[in-house]
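**Q** sequence-free structure coming up:
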């Protein structure tokens, strides 16, 4: 095979290299984060259209009427539904090579090695960006970042606007926060003795029928406490769906409920310390634009910047994390760890 020698050919090879891997980017990102992976497995990665993402919320319920004979059957007007409105957020990761780098690696194998290294670096950056955003509050980069759990399930639940709805004025739009230092009598911190009673109390309080938090994302401190509290014979790891995907996981059974427990922590983790997120995964969705789901930004062969001797392509995504029901989502945290 002859060496690649034209700029058009370089652009085409880069574009093809990105396009060949882009169908797997959703897998790449979701498999790096327990919540995203769980949502994807439940079909909660869903497309949207239009300038605003709207999630329909049931804000009231109809009253049942017991009656006898000729009693009047009541049918009062009632506003059952309203919408939460989310602004889509955009993210891109650049892949750019100077012509000097390309010319220094003209052989086909050498050139593909260089492209592969750059694309792999971009993929890691994409993973990191989505993970950081998922735990963030959406204010980074001037409010352009995806709105993550810091706002969706905040510590202070009765302030701020989320999904266009004022939480101060609408109690039904608030999640619940529990401070391990004060919420349960006789306990002031999360440890191997208190973790199960705390979780049992919370799961009982924040459930109704079959609805409850089915995913517990724990920081290393809380995960270690739960692990130590559970006898080896009771531990269930590989049998959980998250365990089969390679996440460090256990299964919670208590308070009449079951949930998967997943560890999130370690080098570069964005998970808050001394924290457990209780997540009802039926109420969260990743909504994305069908034409911008970790796809290459430029069609055809990429771009050559007008003022640079280089070839550029981008991996892009557009969407938002949305919530439809805050009732069963909660946060447990230690305001005074180790006290």
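**A** Here it is on my side, so go on. The structure presented is a predicted model; accordingly, all values stated were derived computationally and were not measured.
**Q** And for the residue nearest to residue 62 when sequence neighbours are not counted, the neighbour number?
**A** Distances taken as CB to CB, 6 or more residues apart in numbering put residue 78 closest to residue 62, at 6.3 Å, once the chain neighbours are dropped. Where you see a C-beta, it was placed from the backbone N, CA and C, and this is true even at glycine. Residues lying near residue 78 (other CB atoms under 10 Å) number 11.
**Q** what do you get for residue 283?
**A** Residue 283: 20 neighbours (other CB under 10 Å).
**Q** per-residue confidence at it?
**A** For residue 283, the model assigns a pLDDT of 94.
**Q** Quick one: residues contacting it.
**A** 323-329 (CB atoms under 8 Å, 6 or more residues apart in numbering).
**Q** Pipe these into TSV and attach distance to residue 87 per row.
**A** As requested, those are exported to TSV (distance: CB to CB, whole Å):
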residue	distance to residue 87
323	14
324	17
325	20
326	19
327	24
328	25
329	21
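**Q** Just the buried residues of those.
**A** 323, 325-329 (16 or more other CB atoms under 10 Å).
**Q** Give me the longest helix you can find in the protein.
**A** helix 108-135 (DSSP state H).
**Q** So which elements touch it?
**A** For helix 108-135, the packing partners by 3 or more CB pairs under 8 Å, 6 or more residues apart in numbering; DSSP states H and E come out as helix 7-21, helix 25-30, helix 34-41, strand 89-98, helix 99-103, helix 149-152, strand 310-323.
**Q** of all those, which lies closest to residue 130?
**A** helix 25-30 (5.1 Å; CB to CB).
**Q** the strands in the stretch 151-300 of the chain, which residues?
**A** Listed in chain order, the strands of the stretch 151-300 of the chain (DSSP state E, counting those that start in this stretch) span residues 161-162, 165-166, 176-179, 215-218, 249-254, 257-263, 275-279, 284-296.
**Q** what's the spacing between the last one and its chain's center?
**A** Pointing back at strand 284-296 there. Relative to its chain's centre, strand 284-296 lies at 13 Å (CA atoms, centre = their mean, to the nearest Å).
**Q** just checking, the residue nearest to residue 62 is part of a helix?
**A** No: if the criterion is DSSP: H, G, I helix; E, B strand; the rest coil, then residue 78 is coil and not within a helix.
**Q** which one of the contacts of residue 283 is nearest residue 267?
**A** residue 329 (27.5 Å).
**Q** Could you find the closest non-adjacent residue to that closest one?
**A** residue 175 (4.6 Å).
**Q** What residues of the longest helix of the chain count as buried?
**A** 111, 114-115, 118-119, 122-123, 126-127, 129-135.
**Q** low-scoring pLDDT stretches of the chain, where are they?
**A** For the chain, applying pLDDT under 70 flags the ranges 1-24, 28, 58-60, 79-81, 106-109, 111-112, 231-247, 300-302.
**Q** and residue 90, what are its bridge partners?
**A** According to DSSP bridges, the partner residues bridging residue 90 are residue 318.
**Q** do the same with residue 312
**A** residue 96, residue 303.
**Q** tally of neighbours for it?
**A** Around residue 312 there are 17 residues (other CB under 10 Å).
**Q** can you list contacts of the host helix or strand of residue 56?
**A** According to DSSP states H and E, residue 56 maps onto strand 53-58. Identification of contacts with strand 53-58 by CB under 8 Å, 6+ apart yields 80-88, 163, 285, 287, 319-320, 322-325.
**Q** List the buried residues for it?
**A** For strand 53-58, the neighbour count (16+ other CB under 10 Å) marks 53-55, 57 as buried.
**Q** and the angle for that strand with strand 284-296?
**A** Relative orientation of strand 53-58 versus strand 284-296 (axes from the mean of the first three to the mean of the last three CA atoms, to 10 degrees): 170 degrees.
**Q** angle of strand 53-58 against strand 310-323?
**A** On the basis of the same axes, to 10 degrees, strand 53-58 is oriented at 10 degrees to strand 310-323.
**Q** what lines up beside strand 53-58 in the sheet?
**A** Strand 53-58 is paired, per DSSP bridges, with strand 81-86 (antiparallel).
**Q** Flag every buried residue along the strand it pairs with.
**A** For strand 81-86, by 16+ other CB under 10 Å, it's 82, 84, 86.
**Q** gap between that strand and the chain center?
**A** For strand 81-86, the distance to the chain centre is 20 Å (CA atoms, centre = their mean).
**Q** Identify all contacting residues around it.
**A** Contacts for strand 81-86 (CB under 8 Å, 6+ apart): 52-59, 147, 162-165, 173, 287, 320, 322-324.
**Q** try it again with 7 Å
**A** Applying CB atoms under 7 Å, 6 or more residues apart in numbering, the contact partners of strand 81-86 are 52-59, 163-165, 320, 322.
**Q** go on, stretch 158-168?
**A** 55, 84-86, 151-152, 157, 173-174, 322-323.
**Q** what about residue 249, how many residues close to it?
**A** Other residues within reach of residue 249, judged by other CB under 10 Å, total 24.
**Q** Hmm, I typed the wrong one, I wanted residue 164.
**A** Counted with other CB under 10 Å, residue 164 comes out at 13.
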